[in-house]
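In: I'd like to go over a predicted model; first the sequence, then the structure.
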Amino acid sequence: MAAAVAPVIAESSGLPSTALTYGNRPLGSPEEPLLLRTFMPDPSLGDEVLGRHERGAKSPRYSAKKGSDVPGEYKPIDGLPAAIGVNYGSALSYCWDTVECRLLYVWNNGFLDMQNYWGDPSRGNRQSFGYVPNLVGTMFYKAGGKHPVQMGGKSLSDLPEPPKFLGYTKTGKRIIFSYSAGSAEIACEVSSGDVAHNLVIRYKVKGGGELGYQSSLPGHTVKKVSPSELIVTIQGSKIAQYEGSPNKNLLKGGVNAESGKRVFAAMACVTCHSLDGSKSHGPSLLGIHGKERKIKGANKPALADDAYILESIRNPNAKVVDGYPENYMPPYQLKKDEYQALLLYIKTLK
């Protein structure tokens, strides 16, 4: 799969704050916030915060080479599929959840590193498993316990029916999330405060019921403007520092079949090329080296030697195997030694 990117607002590129750029570390600006509906990282929020979320189950580990399950298990991906990330440049980033209908965590001096999800533009691939983006910046608020907003003196976590996300509106730099709680409709707006690690949350309710907020939360100051409106100011402090996607050395241990196996996994090659002879989106790689391949549009078959395999990785359309579509596989951009390691691994698939 070719790497995907999304348009984002440039803040430090020297371009105007409304200019669109592309990259794996998107940023909005204070005047033009960026909103992403994407998998969001879960920085160990806990079951009480995510009480209404479904829990994924472990699944058996599968071997494409054997064509069957093998000992071991895959753990569920550690991400929040129903969350929304919002970024106001270096000033403020936050994660808002559409299941619990609440603010989950807040950070600044960065946003998200999307390389796991969108792929590495220099390579043309995305991560095959665990494709949740990584946080970038300093986290200074993280939700804990039940939903702090109350209706009729009860936390929204304790209502018989869960809150229901109704959507959001974006007007200029203002983003307002709306959700229902019983017969009431609540609007929530998050903004940065006047000092470091400070944020302001405004809640308004319509449709009946009086808004309340959990008392005695550390760093929280609650101002009741009216029975239908609250302003909550939160003074946070540094919780954790995040640097984004770690650099992976796929060739640790040298250029050999074992490091080639890591390249194969990192490029998600098994998505299209089976290792057990079964047909997939692309030809199986089982026993390919040294065999003749019938090539689309050619009178003679091609020998799958070292040169053929390397050419097929660098330029997949050069010799397309008969029965498979053109333009399906992207031309992967690997390091010179990664090509060689991948070749050595493919040659072991006998």
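Out: Happy to help now that I have it.
In: put the alpha carbons of stretch 199-210 into CSV.
Out: Listed next in CSV are the C-alpha coordinates belonging to stretch 199-210 (Å, rounded to 0.1, in the frame of the first residue of the first chain):
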residue,chain,number,x,y,z
LEU,A,199,-6.9,24.9,29.9
VAL,A,200,-10.4,26.1,30.0
ILE,A,201,-13.5,23.9,29.3
ARG,A,202,-16.9,25.4,28.7
TYR,A,203,-20.1,23.3,29.1
LYS,A,204,-23.6,24.4,28.2
VAL,A,205,-26.8,22.3,28.4
LYS,A,206,-30.1,22.7,26.8
GLY,A,207,-33.3,20.6,26.9
GLY,A,208,-33.7,20.3,30.7
GLY,A,209,-31.6,19.4,33.7
GLU,A,210,-29.0,21.2,35.7
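In: helix, strand or coil: sort out the residue in the chain sticking out farthest from the centre for me.
Out: The C-alpha centroid of the chain is most remote from residue 299, which lies 45.8 Å away (C-alpha atoms, centre = their mean). Look at residue 299: counting by DSSP: H, G, I helix; E, B strand; the rest coil, its state is coil.
In: contact partners for it?
Out: By C-beta atoms under 8 Å, 6 or more residues apart in numbering, the contact list for residue 299 is empty. For the C-beta atoms, the positions are set from N, CA and C on the backbone; glycine is no exception.
In: thought residue 285 was touching residue 272?
Out: No - the criterion here is C-beta atoms under 8 Å, and residue 285 misses it with residue 272 at 10.0 Å.
In: who has more neighbours, the two?
Out: More crowded of residue 285 and residue 272, by other C-beta atoms under 10 Å: residue 285, with 25 against 15.
In: what about the more buried one, distance to residue 234?
Out: Applying C-beta to C-beta, to the nearest Å, the value for residue 285 to residue 234 is 54 Å.
In: and residue 255, which helix or strand is it part of?
Out: Secondary structure from DSSP states H and E places residue 255 outside every helix and strand.
In: ugh, wrong one, I meant residue 185
Out: Per DSSP H and E, residue 185 falls inside strand 184-192.
In: quick check: phi and psi on residue 177?
Out: phi -90, psi 140 (degrees, to the nearest 10).
In: and what of the one 4 residues further on?
Out: For residue 181, the backbone dihedrals (degrees, to the nearest 10) come out as phi -140, psi 100.
In: again with residue 149
Out: Dihedral angles (degrees, to the nearest 10) for residue 149: phi -80, psi 140.
In: for it, give me its contacts.
Out: If you count contacts by C-beta under 8 Å, 6+ apart, residue 149 has them with 102, 155-156, 181, 186, 203, 211-214.
In: just the buried subset of these, please.
Out: 102, 155-156, 181, 186, 203, 211-213 (16 or more other C-beta atoms under 10 Å).
In: mind checking which of those residues land in helices?
Out: Among these, the subset assigned to helices under DSSP state H is empty.
In: how's the protein carved up into domains?
Out: Here the domain parsing of the chain from automatic domain parsing is 7-243, 257-347.
In: with respect to residue 250, which of these lies nearest?
Out: domain 257-347 (4.7 Å; C-beta to C-beta).
In: what is the rounded mean pLDDT of the closest one?
Out: For domain 257-347, the mean pLDDT works out to 87.
In: show the contacting residues for residue 61.
Out: Contact analysis of residue 61 by C-beta under 8 Å, 6+ apart lists 69-74.
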